[in-house]
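A.B. asks: Quick one, what's the 3D model for this:
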Amino acid sequence: MKILVAVKRVIDYNVKARAKPDGSAVDLANVKMAINPFCEIAVEEAVRLKEKGIATEVVTVSIGPQQSQEQLRTSLALGADRGILIQTDAELEPLAVAKCLKAVCDKEQPDIVLLGKQAIDGDNNQTGQMLAAISGYPQGTFASVLEVADGAVEVTREVDGGLQTLKLNLPAIVTTDLRLNEPRYASLPNIMKAKSKPMDTTSPDELGVDVTPRTKVLKVAPPAQREAGVKVADVAELLDKLKNEAKVI
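C.D. replies: Alright, predicted model coming up:
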């Protein structure tokens, strides 16, 4: 069984993102980058399936600039077997990412495609669903438990009303939630071994994918500064402020 895992390069979750002075985009200069946390959970789950003897190969794929090799090497150090970089400097929308992943799936023919449910930069939560739609694969999103047996995968997913369990015929798309597992740390020997693991490089053009954006970012700005709270002496004063200052009643 082959598992394909999508990995995205994002700003490290410990770093506070800042907008460029002209408001054109997020400032990435001299900013620490890392694997998207949800993607890291997907890599961990794939590696665990390999350790159980269920999966025979784990392939990670990333779409982005040449620097995305760093995140692919990290995934290899975590236990993946090889990496694929779809190199582009363009700002990709979820649909373009899904199309690139479909082209890779057509070539690699994985049994399971694992993705993080969303990336912490755009928070779109769209790529997995779009990939399932254009590939025709069944999908299980927000997976908190994943079990593979008898040519199918059972996905327990978190929904508003509680938990829902789906049985998907393979090949299938699964997007991972935070409660699926806790990713491991890469050991130094595995980091050294990752340097010799194979990594292929391609591009959207070679895959025949048009990544021209369909939307345009007009402005990027930090959220408005939140004003300090105030204390009131009694309910009458509270109602007065809500009515005359906040104007919410």
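
A.B. asks: and the helix or strand hosting Val97, how far from the chain's centre?
C.D. replies: Mapping Val97 onto the secondary structure by DSSP states H and E places it in helix 94-108. Using Cα atoms, centre = their mean, to the nearest Å, the distance from the centre of helix 94-108 to the centre of the chain it belongs to is 14 Å.

A.B. asks: Show me what it is in contact with.
C.D. replies: 2, 4, 6, 59, 61, 63, 84, 86, 90, 92, 113, 122, 124, 126-127, 130-131, 133-135, 171, 204, 207-214 (Cβ atoms under 8 Å, 6 or more residues apart in numbering). Every residue, glycine included, has its C-beta placed from N, CA and C.

A.B. asks: Looking at those, which are in helices?
C.D. replies: Under the assignment DSSP state H, the contacts of helix 94-108 contribute 127, 130-131, 133-135, 204, 207 to helices.

A.B. asks: Neighbour-wise, give me the winner out of those.
C.D. replies: With neighbours taken as other Cβ atoms under 10 Å, the top of the ones in helices among the contacts of helix 94-108 is Thr127, carrying 28 neighbours.

A.B. asks: need the longest strand for the chain.
C.D. replies: Determined from DSSP state E, the single longest strand within the chain is strand 139-149.

A.B. asks: so that one versus helix 127-135, what angle?
C.D. replies: For strand 139-149 and helix 127-135, the angle between their directions (axes from the mean of the first three to the mean of the last three Cα atoms, to 10 degrees) works out to 90 degrees.

A.B. asks: From the contact counts, what lies against the very next helix or strand once past strand 139-149?
C.D. replies: Scanning the chain past strand 139-149 towards its C-terminal end, the next helix or strand to appear is strand 152-159 (assignment: DSSP H and E). For strand 152-159, the elements it packs on are strand 139-149, strand 162-169, strand 172-176, judged by 3 or more Cβ pairs under 8 Å, 6 or more residues apart in numbering; DSSP states H and E.

A.B. asks: Let me see the contact set for Asn181.
C.D. replies: Contacts of Asn181 (Cβ under 8 Å, 6+ apart): 41, 44-45, 48.

A.B. asks: how near is it to Ser144?
C.D. replies: In this structure, Asn181 and Ser144 are separated by 9 Å, where distance is defined by Cβ to Cβ, to the nearest Å.

A.B. asks: So for the two, which residues contact both of them?
C.D. replies: Counting by Cβ under 8 Å, 6+ apart, Asn181 and Ser144 have no contacts in common.

A.B. asks: circling back to that earlier point, of the contacts of Asn181, which is the nearest to Glu245?
C.D. replies: Nearest to Glu245 among those: Ile41, at 44.6 Å, using Cβ to Cβ.

A.B. asks: buried stuff in the helix or strand in which that closest one is found?
C.D. replies: In this assignment (DSSP H and E), Ile41 forms part of helix 37-51. Buried residues in helix 37-51, defined by neighbour count with 16 or more other Cβ atoms under 10 Å: 37-50.

A.B. asks: I'd like the mean pLDDT over it, please.
C.D. replies: Within the predicted structure, the mean pLDDT of helix 37-51 is 96.

A.B. asks: by how many degrees do it and strand 152-159 diverge?
C.D. replies: Using the same axes, to 10 degrees, the inter-axis angle of helix 37-51 relative to strand 152-159 is 150 degrees.

A.B. asks: Just give the nearest non-adjacent residue to Leu239, would you?
C.D. replies: When the adjacent residues along the chain are set aside, Leu239 lies closest to Ile249, with 7.3 Å between them (Cβ to Cβ, 6 or more residues apart in numbering).
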